[in-house]
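**Q** missing the sequence, but the structure's below:
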């Protein structure tokens, strides 16, 4: 809902339905818990991590880099 509220398009990958995707997620994040959130190549972590980034005003610069380049 947080990404929807910000108007961000995203792709959800159901790793519970695909062992290869689950392994890829683990290789990229060292975590098996879901969700694991990536913005581009940047591993945010889970939802709690993303929410804390939002509270600390660190999320929008990752989501909207064009607004932070002057």
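**A** On my side now, so go ahead. Values in this document were obtained by computation on a predicted structure and should not be read as measured data.

**Q** average pLDDT for the longest helix belonging to the chain, rounded please.
**A** Here the longest helix in the chain is taken by residue count, with DSSP state H as the criterion, and it is helix 19-29. What helix 19-29 shows for mean pLDDT is 96.

**Q** which residues does that helix contact?
**A** Counting by C-beta atoms under 8 Å, 6 or more residues apart in numbering, helix 19-29 makes contact with 13-16, 31-32, 34, 36, 38, 43, 45, all of which sit outside it. Backbone N, C-alpha and C define where each C-beta goes, glycine included.

**Q** give the buried residues for stretch 45-65.
**A** 45, 50, 53-54, 59, 63 (16 or more other C-beta atoms under 10 Å).

**Q** can you give me the offset of that stretch from its chain's centre?
**A** Relative to the chain's own centre, stretch 45-65 is displaced by 9 Å; criterion: C-alpha atoms, centre = their mean, to the nearest Å.

**Q** contact partners of it?
**A** With C-beta under 8 Å, 6+ apart as the test, stretch 45-65 has contacts from 2-3, 6, 8, 29, 31, 33-37, 39-40, 42, 44, 67-68.

**Q** count of neighbours near the closest residue to residue 43 other than its chain neighbours?
**A** Excluding the flanking residues, the one nearest residue 43 by C-beta to C-beta, 6 or more residues apart in numbering is residue 29, at 5.2 Å. Counted with other C-beta atoms under 10 Å, residues neighbouring residue 29 total 17.

**Q** look up how far residue 64 lies from residue 29.
**A** Separation of residue 29 from residue 64 (C-beta to C-beta, to the nearest Å): 23 Å.

**Q** returning to that earlier point: dump the contacts of helix 19-29 to JSON lines, plus secondary structure and distance to residue 24.
**A** Formatted as JSON lines, these follow (DSSP: H, G, I helix; E, B strand; the rest coil; distance: C-beta to C-beta, whole Å):
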{"residue": "13", "secondary structure": "coil", "distance to residue 24": "9"}
{"residue": "14", "secondary structure": "coil", "distance to residue 24": "13"}
{"residue": "15", "secondary structure": "helix", "distance to residue 24": "8"}
{"residue": "16", "secondary structure": "helix", "distance to residue 24": "13"}
{"residue": "31", "secondary structure": "coil", "distance to residue 24": "12"}
{"residue": "32", "secondary structure": "coil", "distance to residue 24": "12"}
{"residue": "34", "secondary structure": "coil", "distance to residue 24": "13"}
{"residue": "36", "secondary structure": "coil", "distance to residue 24": "10"}
{"residue": "38", "secondary structure": "strand", "distance to residue 24": "11"}
{"residue": "43", "secondary structure": "strand", "distance to residue 24": "12"}
{"residue": "45", "secondary structure": "strand", "distance to residue 24": "16"}
